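Peer 1: I need the structure of the sequence given here:
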Amino acid sequence: MGILLKWKIPTDSDVSYDKAYIYRSTSKTGTYTEIANQSISDNVYFDIDGTTSNWYKVRFYNSSTSDWSDYSEPLQGGSFYGYCTIDDVRKLSGLTSSEISDSDLFDLISFAQAQINSELNYTVHNEEIAWISNEKDNTIDGSNTTFYVKDVNDNGYYLGDMNNDGIVDENDVEVYSVDNEGNRTNYTVSSVDPELGQFVLTSAPSSSESVYVTYAVCPTNVNEPDYLLRMATAQLASALAFTKIDAKKIQGFTIGKIKVTRQSQAFQTFFELYQKTISKLNARMFKFKDSE
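Peer 2: Sure, this is the predicted structure:
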């Protein structure tokens, strides 16, 4: 199947880059080897030999000045982006690459993902880290760096994708502390476990600090999308795809001075399916939300 990559072109740099270089590794912290380079105007690359176990980095180059950008953060290789695959959308919708490109579907899946996160996630703001259980004691002593949140536990809730990038990682948990004098320190999270609600800091807070965390709670593990999450994402992406394709085909009519635009029937069909599926996923959160 291969791996489709997409990244943002830098717009806030003092250097005007004209080339993008793509690198691949077999692990997140392993050695990255160049596999391709291309014009910076094209921010999509399809690695036909890529697998779900690969990791990627991108950096940019100015051919005139020989200036290089820093490497990007590691990008996880995987056929899943936005909780489903491009093939999932094509199989469900019947749309071919001649009707809509992989790159466009990639964008639509990311839009669908953000919408799904807004419907599923419940954000917990500034939760104070304290004892939960003997296993999750959350000791703050100047040496411990592993902590747990309260609302991800054995009830079937997981850490959620707070920044809408399609994966739950260290960027989805925000941590800071306040010491006895009221000084605030922001902490860097090095890793998370969505199922355990665990996060690891790069440095240990001292016993004189109170630690606070902001995170999202989700009724499913988005790092391992289950059937319902895959289906909801594919259904919504399919609806959006038909909206894009049918934009010039949708007919309108006038009632008095009011112009009415008929929505695409294909959009309506897939959006109604999506609403039914997202309702099933959302039902898992009722117990949690009712307890708040």
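
Peer 1: And the helix or strand harbouring Asp88, what does it pack against?
Peer 2: In the assignment (DSSP states H and E), Asp88 maps to helix 86-93. Using 3 or more CB pairs under 8 Å, 6 or more residues apart in numbering; DSSP states H and E, the elements in contact with helix 86-93 are helix 102-120, helix 227-245, helix 265-283. Yep, even glycine has a C-beta here, placed from its N, CA and C like the rest.

Peer 1: Report the mean confidence score over the second one.
Peer 2: Spelled out, it's helix 227-245. For helix 227-245, mean pLDDT rounds to 90.

Peer 1: can you give me the angle it makes with helix 102-120?
Peer 2: 130 degrees (axes from the mean of the first three to the mean of the last three CA atoms, to 10 degrees).

Peer 1: Next: the last one.
Peer 2: Here the directions of helix 265-283 and helix 102-120 differ by 40 degrees (the same axes, to 10 degrees).

Peer 1: Next, the angle from helix 265-283 to helix 86-93.
Peer 2: Going by the same axes, to 10 degrees, helix 265-283 makes 120 degrees with helix 86-93.

Peer 1: List the contacts of helix 265-283.
Peer 2: 92-93, 116, 119-120, 219-220, 228-229, 231-232, 235-236, 238-240, 242-243, 246 (CB atoms under 8 Å, 6 or more residues apart in numbering).

Peer 1: Over to stretch 130-137?
Peer 2: Residues contacting stretch 130-137 (CB under 8 Å, 6+ apart): 138, 148, 150.

Peer 1: Going by neighbour count, which of these comes out on top?
Peer 2: Ranked by neighbour count (other CB atoms under 10 Å), the contacts of stretch 130-137 have Tyr148 at the top, with 20 neighbours.

Peer 1: which residues does Glu209 bridge with?
Peer 2: Asp179 (DSSP bridges).

Peer 1: and it, what is it in contact with?
Peer 2: 140, 177-179, 185.

Peer 1: before we move on, back to that, gap between the helix holding Asp88 and the chain center?
Peer 2: Here helix 86-93 is found 19 Å from its chain centre; the criterion is CA atoms, centre = their mean, to the nearest Å.

Peer 1: what does stretch 207-223 give?
Peer 2: With CA atoms, centre = their mean, you get 16 Å for stretch 207-223.

Peer 1: gap between the two ends of that stretch?
Peer 2: In stretch 207-223, first residue to last residue: 33 Å (CA to CA, to the nearest Å).

Peer 1: Stretch 46-63 too?
Peer 2: For stretch 46-63, the end-to-end distance is 23 Å (CA to CA).

Peer 1: Please verify my assumption that Ser190 contacts Glu170.
Peer 2: Yes - contact status for Ser190 versus Glu170: in contact at 6.0 Å, counting by CB atoms under 8 Å.

Peer 1: quick one: low-confidence parts of the protein?
Peer 2: Counting by pLDDT under 70, the ranges of the chain that qualify are 1-2, 11-13, 78-82, 154-155, 246-264, 286-292.

Peer 1: Okay, domains of this structure per the record?
Peer 2: 3-76, 86-119+225-291, 123-218 (automatic domain parsing).

Peer 1: And Asp137, how close does it get to Asn153?
Peer 2: In this view, Asp137 and Asn153 are 14 Å apart by CB to CB, to the nearest Å.

Peer 1: which one of Ser190 and Glu170 has more residues nearby?
Peer 2: Glu170 (15 against 12).

Peer 1: The stretch 51-200 of the chain: strands as residue ranges?
Peer 2: 55-62, 67-68, 75-76, 122-128, 146-148, 158-159, 174-179, 184-187, 189-193, 198-201 (DSSP state E, counting those that start in this stretch).
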